[in-house]
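> Need a 3D model of the sequence below.
(4 chains)
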There are 4 protein chains.
Amino acid sequence: MIIILKNNPDKDQLENLEYWLSGMGIKVHPTVGTGKTILGLVGDTSRLDIDLISALDIVEDVKRVQEPFKNANRKFHPEDTVIDIGGVRIGGGTLTIIAGPCSVESEEQVVGIAKSVKESGATILRGGAFKPRSSPYSFQGLGIEGIRILLAAKEATGLPVVSEIMDASQLPLFADIDILQVGARNMQNFSLLKALGKQDKPVLLKRGLSSTYEEWLMSAEYVLAGGNDKVILCERGIRTFETYTRNTLDVSCVPVLRQMTHLPVIIDPSHACGRYQWVPALANAGIAAGADGVLIEVHNDPQHAKCDGPQSLTPDRFAQAVPELKAIHDIVRGGKHN
Amino acid sequence: MIIILKNNPDKDQLENLEYWLSGMGIKVHPTVGTGKTILGLVGDTSRLDIDLISALDIVEDVKRVQEPFKNANRKFHPEDTVIDIGGVRIGGGTLTIIAGPCSVESEEQVVGIAKSVKESGATILRGGAFKPRSSPYSFQGLGIEGIRILLAAKEATGLPVVSEIMDASQLPLFADIDILQVGARNMQNFSLLKALGKQDKPVLLKRGLSSTYEEWLMSAEYVLAGGNDKVILCERGIRTFETYTRNTLDVSCVPVLRQMTHLPVIIDPSHACGRYQWVPALANAGIAAGADGVLIEVHNDPQHAKCDGPQSLTPDRFAQAVPELKAIHDIVRGGKHN
Amino acid sequence: MIIILKNNPDKDQLENLEYWLSGMGIKVHPTVGTGKTILGLVGDTSRLDIDLISALDIVEDVKRVQEPFKNANRKFHPEDTVIDIGGVRIGGGTLTIIAGPCSVESEEQVVGIAKSVKESGATILRGGAFKPRSSPYSFQGLGIEGIRILLAAKEATGLPVVSEIMDASQLPLFADIDILQVGARNMQNFSLLKALGKQDKPVLLKRGLSSTYEEWLMSAEYVLAGGNDKVILCERGIRTFETYTRNTLDVSCVPVLRQMTHLPVIIDPSHACGRYQWVPALANAGIAAGADGVLIEVHNDPQHAKCDGPQSLTPDRFAQAVPELKAIHDIVRGGKHN
Amino acid sequence: MIIILKNNPDKDQLENLEYWLSGMGIKVHPTVGTGKTILGLVGDTSRLDIDLISALDIVEDVKRVQEPFKNANRKFHPEDTVIDIGGVRIGGGTLTIIAGPCSVESEEQVVGIAKSVKESGATILRGGAFKPRSSPYSFQGLGIEGIRILLAAKEATGLPVVSEIMDASQLPLFADIDILQVGARNMQNFSLLKALGKQDKPVLLKRGLSSTYEEWLMSAEYVLAGGNDKVILCERGIRTFETYTRNTLDVSCVPVLRQMTHLPVIIDPSHACGRYQWVPALANAGIAAGADGVLIEVHNDPQHAKCDGPQSLTPDRFAQAVPELKAIHDIVRGGKHN
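Numbers count the residues shown, from 1 in each chain, chains lettered A, B, ... in the order given. From the prediction side, this is the model:
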């Protein structure tokens, strides 16, 4: 950490600061410039509260040199995290394909889609039972009945299931769900993240609509710091000024996050673009950038889907898209498939 | 609502759509252009799910003509909402000044600040007991003990108290707090909003970091739709590309929201800019734009504040800032003070 | 175009509006709803000035149904535009690889890089002679001498050359340059765009840092409307809140623009991310999304480059990246190579 | 400037770097931490090219400590810049009110508006002769005839005139215009900025739609570095995700820029919000934040304006708005009026 002092800092306050830092085991190396004095701090600064220091009268600015996340940091954990769900692996170079409807509507629908996507190459089933909607007047999901239907589809196909949890109080309902999804709007719901850190199911953490990589990793850090080391990062598009697409898929996150962290990174092209026509191209892009997998919405009857119909592939279109994904994955990651 | 059809839409599908709409009491007026056919819908379209219609094969685009919020809409509720908390009014042209420390640290601190800001003109005390922090390693607030201290300050000064609630499970702890604050990162925590709609304390709803006015009002609508009509909107700065300020205060929201909604709108310049030096200028700007009040961080010892020290005014600086606020309020709103 | 009227519009003003529109050959179909009256306009509305109509007292809002660009619109020009530069094709499914240094530094440097990238598979050479820099104190390019060096490299290798033009007054200097690049910061320099529409060299139009697809196509429309139909669109990263990358590559533009327009779309991953380590992954992503080509910075000695060194590949790293690009292009576009 | 080295940097390269820096008169103070080595640079680093250093293999990151602008920096020029145009002052605590139509349409119109706004308190006339429009099919301004009309209005009222210049080649046409406006889309048209630095008329520099304060000041620096010290900064709204307003007025720029620079800062609420209803509130907010003035669009017949009608005040509404501006200016700046 670097502290940039104001011109002519008060000597007593400066001594106090150095004394306080030394009490925390941190050594201070000053550089006296013509314009500014800079303090270089040596020691474990990861738990220093940057706000506390910024507030001092003698301080003009504070800059971090080290990342504020530890458990998620590849520097301290160079090996890829690989999550194994009954033999289905996520991370470490294996291609993970998650597919299913945005929201669960009926058992017949979900079981039918699950069988179809499994045959086309999906390794995990997704489906929403509790739906966060920006309007209180929109369909809010089937709730508990939705969970029951997802488990019936799991039973029928053997596919592990991922579904969104909105509140820690729902944890008992998710006892048999394999992966707990945290939605983009809850990425900084710290109460929920803390609760998920204290249980041991894998967490699929969607990126917030305008969150930075560091904020996203700090949210992962909440789960990891609680003792649960199974976090999957899912990019689902960020908010930009573009209106033709619903959001803007940030594929750059793939190579950058693979350098910053050991956690698996997957891509959700369906929510990112909002139109099924563009989903296969964006799924290809995500895998070509090195992602560990994709999460794709598939609906047997998108025209009558209760939400997000326009972005869902039909099972047929999904079946056509998978071979290109596998071929590109073979080129860029050497091709481990589940 | 307007539906724009693709060229040469399938006749059967078009008839199905018109039949379905008529079943919901909605009449369809087609306009056949050279390029496009447009359907104008007449009737109560506020509860039509725009996604359902967008998903149809024959539909190119759907545009809303009416706002999707009803309870928060000034068109259906032309009078300003005025919230009365034991004689302290918010909304309707009265100047509301909320002040206090970002986080509660000790009883001595909070009672001292409360007495001081009351004397300078504050009408409501703020203070955080539970703190949402982006890092799990930062100070998370005093919790229950923080609530106790706030209530002691209320007792000592008679000022009503606002404090942030992070989770519906905390509601019993807030039994004696006067106003429940929902933080920016929880603006779309729909579980929390639904819970707050079913109780009757006023809710101070901060705007999300990159939320639009409509999304913000839809979150207010969650509370209103639950039966609680006491929502205060608080602008606290949006995320932009600027790095000199922490966030960017959007003062435009004041005249726009006063036209869109009857709910009170207040401004938080402290979180918006992140530096105490700029807080008085921005508070002035908010009031000059017509806001119903301000929420300002005040700390007796900003250099040792546990969070957000750099943005806190000292009690002295706060005392100097209040008269300008009142003078500007007199000019633009005719000057009703609590 | 759809006009949404305010409640109870003045009858005289409404008649005036309808009369004025009919004078422009546009028929008006009103839809009288319970809340709103909507006018659907039938006829050629592409040249109606939306601002003129929005300004009327009786108008609440105006929404376009048709895109405001005509020459760039795929609807009126369904075939891909293919630009041929002495046998090197851009567009229409051919993979275009443009490579070279950010700024021209010496003849030895540029000729050396040109020979190397040609051998590795590049089909066009890039290099900057005039450099737009945000600081007046940064290196501004070699100017005329830079142009001379680029032409020497063209002579030595036979590669066509693209270079950035900053001002219409520079046109004579670019007489032998093959493609004129318009930089991101000049995307809405309309004086320059008009001048480029009146000459016939191809224009490589970079997207502005925070421009929408429609604004970008309207800038292309300036060139096309002037009579020059050879425009290449180049995505080079948009400004977002992320700071780890310089900008954020928007690969979604590829499938969306290929639907909206017939113009070729290429991707510049170097400027987008700002770090050479991530360039190959992003180039892969762009091609996997269906782009017509890439523009990649290559420098023989990035550590001593006069600008943008951190984002340049060495010739060796470039040589390693090309085969993956070709293999992915074969999968997604069936593989036409220059 | 601070250089953060990678772990275990190559010794030879490090020596080379230190040798190179010392040749530029810069001393290097290393701080060897457990995780990182940091080099603090002492000397005049304002002209070091940050890109050159970032590109080195041994360097992880470079952070500036000093601002990259000198001539615009208040630290080196503590007194406010005051620009005097025939007795009308801009800057230094005087309230400047610029008003007039967005685009010049006829002599009668402009002279009429000029007389009216002068009577209401405006001190400078604005009007566009050359209009940058995002569509080539929109009205592009009257051009030379527009300049003639503006000069006729200047003659008739004595008001100095500001008008937008789009290209250095237009300079002769602006010989009698008092202030040259650079539009938001040209903020980084460096060819134009350099040309404006070499002449001596004041330049009104609008902020780019998504530019940072630092980029804006670097553009001002282009003019100042050329020898012209008369630059006026004009905030006209930034691009955000909000769609109810055209752009978002960033009033925070006022207190921040007044700290960073000695140049005058004015506010354009008309372009910022795009609707006349909100203009007076935002003008108030700008003055309350401490701005040196406002630039307001006034049109005698907004419903028939050739551009931007919806955001123009009528002369009557303008006359009503001025007294509040003056009263607020009296409170916050002590009230020097032209």
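> Please parse chain A into its domains.
Annotated domains of chain A cover A:2-63, A:74-337 [automatic domain parsing].
> Relative to chain C, how far out is residue A:190?
20 Å (Cβ to the nearest Cβ, to the nearest Å). C-beta coordinates here come from the backbone N, C-alpha and C atoms, glycine included.
> How about that residue: what's its closest non-neighbour residue?
Spatial nearest neighbour of residue A:190, excluding adjacent residues (Cβ to Cβ, 6 or more residues apart in numbering or on different chains): residue B:132 at 5.2 Å.
> Under a three-state scheme, what state does the one you found occupy?
Of the three states, residue B:132 takes coil according to DSSP: H, G, I helix; E, B strand; the rest coil.
> tell me the pLDDT at it?
Looking at residue B:132, its pLDDT stands at 91.
> who's in contact with it?
Contact analysis of residue B:132 by Cβ atoms under 8 Å, 6 or more residues apart in numbering or on different chains lists A:188, A:190, B:164, B:166, B:183, B:185-186.
> cool, residue A:156 as well?
Neighbour list for residue A:156: A:111, A:114-115 [criterion: Cβ under 8 Å, 6+ apart].
> Doesn't residue A:89 lie inside a strand?
Yes. Under three-state DSSP, residue A:89 sits within a strand.
> Does it have any beta-bridge partners, and if so which?
Beta-bridge pairing for residue A:89 (DSSP bridges): residue A:84.
> about what we covered before: as a markdown table, the contacts of residue A:156 with distance to chain B, secondary structure and neighbour count would be great.
Below are the contacts of residue A:156 laid out as a markdown table (distance: Cβ to the nearest Cβ, whole Å; DSSP: H, G, I helix; E, B strand; the rest coil; neighbours: other Cβ atoms under 10 Å in any protein chain shown):
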| residue | distance to chain B | secondary structure | neighbour count |
| --- | --- | --- | --- |
| A:111 | 22 | helix | 19 |
| A:114 | 21 | helix | 28 |
| A:115 | 23 | helix | 16 |
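> what would these look like in CSV with pLDDT and distance to residue A:65?
Output for the contacts of residue A:156, formatted as CSV (pLDDT from 0 to 100; distance: Cβ to Cβ, whole Å):
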residue, pLDDT, distance to residue A:65
A:111, 97, 53
A:114, 97, 48
A:115, 97, 53
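> Would you map the helices across the stretch 51-200 of chain A?
Counting by DSSP state H, counting those that start in this stretch, the stretch 51-200 of chain A has helices at residues A:107-120, A:144-157, A:190-197.
> among the ones you listed, which is the most enclosed?
With neighbours defined as mean count of other Cβ atoms under 10 Å in any protein chain shown, the helices of the stretch 51-200 of chain A peak in mean count at helix A:190-197, which reaches a mean of 24.
> relative to helix B:190-197, how tilted is that one?
Inter-element angle recorded for helix A:190-197 and helix B:190-197: 130 degrees (by axes from the mean of the first three to the mean of the last three Cα atoms, to 10 degrees).
> what residues does helix A:190-197 touch?
The contact list for helix A:190-197, computed with Cβ under 8 Å, 6+ apart, reads A:165-168, A:171, A:180, A:182, A:186, A:203, A:219, A:222-228, B:132-133, B:136, B:166-167, B:169, B:185.
> Please list the members of the contacts of residue B:132 that lie in strands.
Of these, the ones assigned to strands by DSSP state E are residue B:164.
> is any part of the helix or strand hosting residue A:322 close to chain B?
Under the criterion of DSSP states H and E, residue A:322 resides in helix A:315-333. No. Using Cβ under 8 Å from any Cβ of the partner chain, helix A:315-333 never reaches chain B; the gap is at least 13.3 Å.
> just the buried members of the contacts of helix A:190-197?
Burial by neighbour count, 16 or more other Cβ atoms under 10 Å in any protein chain shown: within those this picks out A:165-168, A:171, A:180, A:182, A:186, A:203, A:219, A:222-226, A:228, B:132-133, B:136, B:166-167, B:185.
> Residue A:122 contacts residue A:158, correct?
No. The pair residue A:122 / residue A:158 is not scored as a contact, 11.6 Å apart, by Cβ atoms under 8 Å.
> quick one: low-confidence parts of chain A?
Flagging of chain A using pLDDT under 70 yields the residue ranges A:33-35, A:46-47, A:305-308, A:335.
> Point out the residues in it that sit beside chain D.
For chain A, the contact set with chain D under Cβ under 8 Å from any Cβ comprises A:2, A:4, A:29, A:31-36, A:38, A:40-44, A:61, A:63, A:65-66, A:239, A:241.
> helix, strand or coil for the residue nearest the centre of chain A?
Centroid check for chain A by Cα atoms, centre = their mean gives residue A:233 as the closest residue, at 2.8 Å. With three-state DSSP as the basis, residue A:233 sits in strand.
> quick one: the nearest residue to it once chain neighbours are set aside and residue A:77, what's the gap?
Nearest residue to residue A:233 in three dimensions, chain neighbours excluded: residue A:265, at 4.8 Å (Cβ to Cβ, 6+ apart). In this view, residue A:265 and residue A:77 are 15 Å apart by Cβ to Cβ, to the nearest Å.
> more crowded one of these two?
residue A:265 (24 against 16; other Cβ atoms under 10 Å in any protein chain shown).
> Pull the contacting residues for residue A:85.
Contacts for residue A:85 (Cβ under 8 Å, 6+ apart) come out as A:124, A:160, A:178-179, A:202.
> ok, and the most crowded of those residues?
residue A:124 (26 neighbours).
> Thought residue A:88 was touching that one, still the case?
Yes. Applying Cβ under 8 Å, one finds residue A:124 in contact with residue A:88, separated by 6.4 Å.
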